[in-house]
Structure formats: C-alpha cells, structure tokens
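> A predicted structure for the sequence below; I have some questions about it.
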Amino acid sequence: MSLAMTEQQKYDFETKGFIILENFFTQNELDRLLSAIDKVGNKIRKAKGLGPDDPFAIRNALAHDEAFLDLIDHPKMLPLVVDAIGWNIQIRTTHLDYRPPYPNNVTPGEIGTGTGEDNKSGYRNITWHPDLADDHLLEAPSLDGLLPFMEIKAFYVLSDLTQSNSGNLWMVPGSHKRKPQELRDIDNNVNDSEAVELKLPAGSAVLWRTATWHCVGPNLSNKTRKIMHVGYHYRWLRPTDYSQQDPELISRSSPIRRQLLGALATNNNPMGDDPEFHPSSQHWITQDEEDVPLRSWVKTSAPSKVNL
C-alpha cells in the first residue's frame, strides 16, 4: 500500500533513482528555514572565525534550530520516505550546506572530475560519487559490487538554483543500478549525455537513492547556494552525526520523532529483557511496538490524519 507516492513517482524512483518535488515548501516554511540559516550562520562564523563569503557546512543540523528539526518528519515528505524505504528507519544525517559564489581566483574543473582549483581549495562533493562508496569506503557492503539499498536522502533547495552553475546537484539517472567500480574505471569522467543538472527553484525538494552517482557543480553565480540534506537509513545501522541525541531533545519529541532520532521507548533496555545472558539489540529486532511507532502509523492511518 502506498501512503503518498504516485505510480509515476514509484517508477521514477526505481528507474532513475530520484523524484523531484517542486513547490514543496510554503513561502512561510521557506522564510523560516532561511532565517534559521542566517542565525546558525552567524553562530558558526563567530565560532570558527569565518568571513561572510566563506562556505560552511553543519552536520546534525537538526540540533541547531527547530526549523531544521521539523524537516525530519515533515508531513509531506515522511510518507514518501516510508513508501521508499519502509518504517524501520532513523535519521543518519541532517546536513546544512552554505556555499557562496566562488572567489575569482578559484577555477573549477570539468563537472564531477575533481580536477579544478575548487577541489584543491576544499570544496566538497564536487567529484562524481555514490554515498558510502568513496575511496576510503571501497569495502562498504556490496552485492556483487553493487551498493545495497540502505538509505535515502531528502534534498531541500532553499535558494534559487534554476540557473546552471549555481552549485546545482548533478545526477546520473539509473546509476544506482551500476557498480561504483565502474565509475573508478572511467576516472570519474561521466559522459555528458548521461548526466542531469537539477535546475530547481527555491522551495523544491528531491527524494533520492544515495547510491545514485551525484556531484555538486560549481557556484559561478552571484547568489549563495543554500541547501539541506536529511538522510534516513535503517535503525540497525549506525548514524553519521550522533551516537545519541540530546536527552532533552528526545524528551520533548513525539513518539515518531523519537524513533527518527534513534531513541527507544521510555525505560526500555536497549539490549532486551535478558541483557546478561541473551542480549538482543532493540535497534535490530524490537520487542516493543512503542520503539517503532511508524509501524502502526503505516498500518492504521493515512498521512493526513496522523499527528506527527
């Protein structure tokens, strides 16, 4: 049973590896997120000694502002996420990326090759890659060389990316069905005819399989690129951004949000009823329905009727 995905979206997600959702945010939602970016930006600049034109990225962004936290169970996105990957999930990462226009002395290389001065200057994710399979993670889990379906991300466009070379996300449709080694064998030189530059207005979203080959293009515009990634994976995997979220944050969260934050139900022993002689991680196979409220949500309720 599908909670929200249309048949066309299911087809695109399976064949291309992503679906595009324009006009995802209301103007009020977008304004709130942009205000949060300004506030958090001032905080990190002060802490890191950054200038107004320096790029920055923040991981576990959900802990820095309520506007970012509210993205993890957004009522329009969460049903699509569950349709795509199921209910036994938690947050792997929430990633804010702020990328002003390139300085005049930084010249980009060819798209996705990582051969330009931007790569030497530390601009991240400008080389073609699937997540979890870079050079340091070549031994990531694989099935005959293919990355298994372990996670997805929601990519939120918070600034205008309708023009080329604005720091756009590039994708190779269908590449989630190809082996990462194939990308290494061609030295990241993806044929132009295979790649798609996503030119999207502010307020758009993309739900995508992170095994899809992707990269970030250069920002040669006169506007700052502002985006958010929210990554979801299975509860039995370890997250990137945290070992355990702030207890205060968890205590004031709804049951579904607590699950997404990687927490178990109140007073539950994380290793089951018999941790001394028969330990059993409740993140692996839970014995308590309260640990995974998304399961009953899927079974009993339409998204529009659920209080997240």
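Looks like it came in fine.

> Name the surrounding residues that touch the host helix or strand of Asp83.
Asp83 belongs to helix 78-85 when elements are defined using DSSP states H and E. Residues outside helix 78-85 that contact it (Cβ atoms under 8 Å, 6 or more residues apart in numbering) are 2-5, 9-10, 13, 19, 21, 89, 149, 151-152, 154, 207, 232-234, 256, 294, 298, 303, 308. Where C-beta positions appear, they are placed from N, C-alpha and C, glycine not excepted.

> After that helix, which helix or strand is next? Please name it.
Past helix 78-85, the next helix or strand by DSSP H and E is strand 89-99.

> in its sheet, what does that next one sit against?
strand 56-59 (antiparallel), strand 225-234 (antiparallel) (DSSP bridges).

> Go ahead and build a PyMOL selection from the buried members of the contacts of helix 78-85.
To isolate the buried members of those in PyMOL, using 16 or more other Cβ atoms under 10 Å:
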select buried, resi 3+4+5+9+13+19+21+89+151+152+154+207+232+233+234+256+294+298+303+308
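
> Out of the contacts of helix 78-85, which sit inside strands?
Ile19, Leu21, Ile89, Glu151, Ile152, Ala154, Leu207, Tyr232, His233, Tyr234 (DSSP state E).

> Identify, from these, the entry nearest to Lys179.
Within those, proximity to Lys179 (Cβ to Cβ) peaks at Glu151, which comes in at 17.9 Å.

> Pull the most distant pair out of the ones in strands among the contacts of helix 78-85.
Greatest spatial distance in the ones in strands among the contacts of helix 78-85: Leu21 and Tyr234, 23.1 Å, computed using Cβ to Cβ.

> Looking at the strands paired with strand 89-99, which one is packed in the most?
strand 225-234 (a mean of 23; mean count of other Cβ atoms under 10 Å).

> Off-centre distance for it?
2 Å (Cα atoms, centre = their mean, to the nearest Å).

> following it, which helix or strand shows up next?
Scanning onward from strand 225-234 (DSSP H and E), the first element met is helix 247-251.

> And that next one, what's buried?
Ile250.

> What mean pLDDT does it get?
Per-residue pLDDT over helix 247-251 has a mean of 95.

> what's the answer for stretch 168-179, then?
For stretch 168-179, mean pLDDT is 97.

> Begin at 346 from now on, thanks
Understood, numbering begins at 346; the last thing we discussed is stretch 513-524.

> Give me the residues contacting it.
Residues contacting stretch 513-524 (Cβ under 8 Å, 6+ apart): 360-363, 456-457, 473, 475, 487, 489-492, 494, 500, 506, 528, 535, 539-545, 551, 553-554, 556-562, 572.
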